[in-house]
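[1] The sequence and its predicted three-dimensional model are supplied below.
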Amino acid sequence: MARPFTATDDDILRAAAKVMQRRGPDAFAMAEVAAEVGLSRAAIILRFKSTHDLKVTLLTKMVERFAEALAALPQSPSGDNLLRVAAFIGNHVGSREGSAKYFANYFTTNARDRELFELERLRGEVLRQAISKVMPQVVIDHDSAVTAFRSHLSGSIIAWLGNDEPDSCRHVVLRTREWLRLAGIAFSEELVEELSAPKTARTRKRASP
């Protein structure tokens, strides 16, 4: 007789991450996670108690991975390293549907839930610190420049939701090129071309030894 399928907590969290990317945090549902991983809803509740607990566990791990990935980027102040942060954020954006729901429901969902609000605050602080490390000297004070660049990234993602560009990373990188020009920060056009190349080309480059 075939053994019944069992899933680890990591299997469940990977399935939950796929659902989160598709649906956004507001429409995140335990039943869809169960269907994704091939377990019953009851089996997942035995591990994670509730949809809220599963969401908090998933988002906590996502913030940890977000911080680790940003820390792995080059850390010296330069326009090129700001471009690398922008490309990272562009690649980090989920589907248009999930991203649109995230922005639409941010204040009605996260702001009412202390745990979710704190996780989002922590992710924002991680990003702020990463930008601060690579922000070169400009005509305005350092903290204002960091805030302006964070606002640029958020605005670029929102702008991507309303245009025809299929690739969020390409969109954010090309808009960042214009931001750097406006700020008078030097950068490499070759790096812009590399980071804004078609997604298949970027994937091959990351996979190559």
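    Great, that's in hand. Numbering: from 1, shown residues only.
[2] And this structure, what are its domain boundaries?
    1-61, 73-207 (automatic domain parsing).
[3] Which one of those lies nearest to residue 67?
    Among the domains of the chain, the nearest to residue 67 by CB to CB is domain 73-207 (4.6 Å). From N, CA and C alone the C-beta is placed, and that goes for glycine too.
[4] need the domains of the chain in TSV with mean neighbour count, distance to residue 67 and mean pLDDT, can you?
    Formatted as TSV, those follow (neighbours: other CB atoms under 10 Å; distance: least, CB to CB, whole Å; pLDDT from 0 to 100):
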stretch	mean neighbour count	distance to residue 67	mean pLDDT
domain 1-61	16	11	83
domain 73-207	16	5	86
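[5] Quick one: residues contacting the residue most central in space within the chain.
    Residue closest to the average C-alpha location in the chain (CA atoms, centre = their mean): residue 92, at 3.4 Å. By CB atoms under 8 Å, 6 or more residues apart in numbering, the contact list for residue 92 reads residue 66.
[6] Now do it against residue 127, distance only.
    Distance, residue 92 to residue 127, using CB to CB, to the nearest Å: 10 Å.
[7] go on, residue 176?
    14 Å.
[8] can you list residues touching both of those two?
    Common neighbours of residue 176 and residue 127, using CB under 8 Å, 6+ apart, are residue 153.
[9] related to what we said a few turns ago, and for residue 92 and residue 127, which residues touch both?
    Residues touching both residue 92 and residue 127 (CB under 8 Å, 6+ apart) are residue 66.
[10] which strands and helices sit next to the helix or strand where residue 68 lies?
    Here residue 68 sits within helix 51-71, counting by DSSP states H and E. Contact partners of helix 51-71 among helices and strands, from 3 or more CB pairs under 8 Å, 6 or more residues apart in numbering; DSSP states H and E: helix 9-23, helix 30-37, helix 41-48, helix 79-92, helix 114-134.
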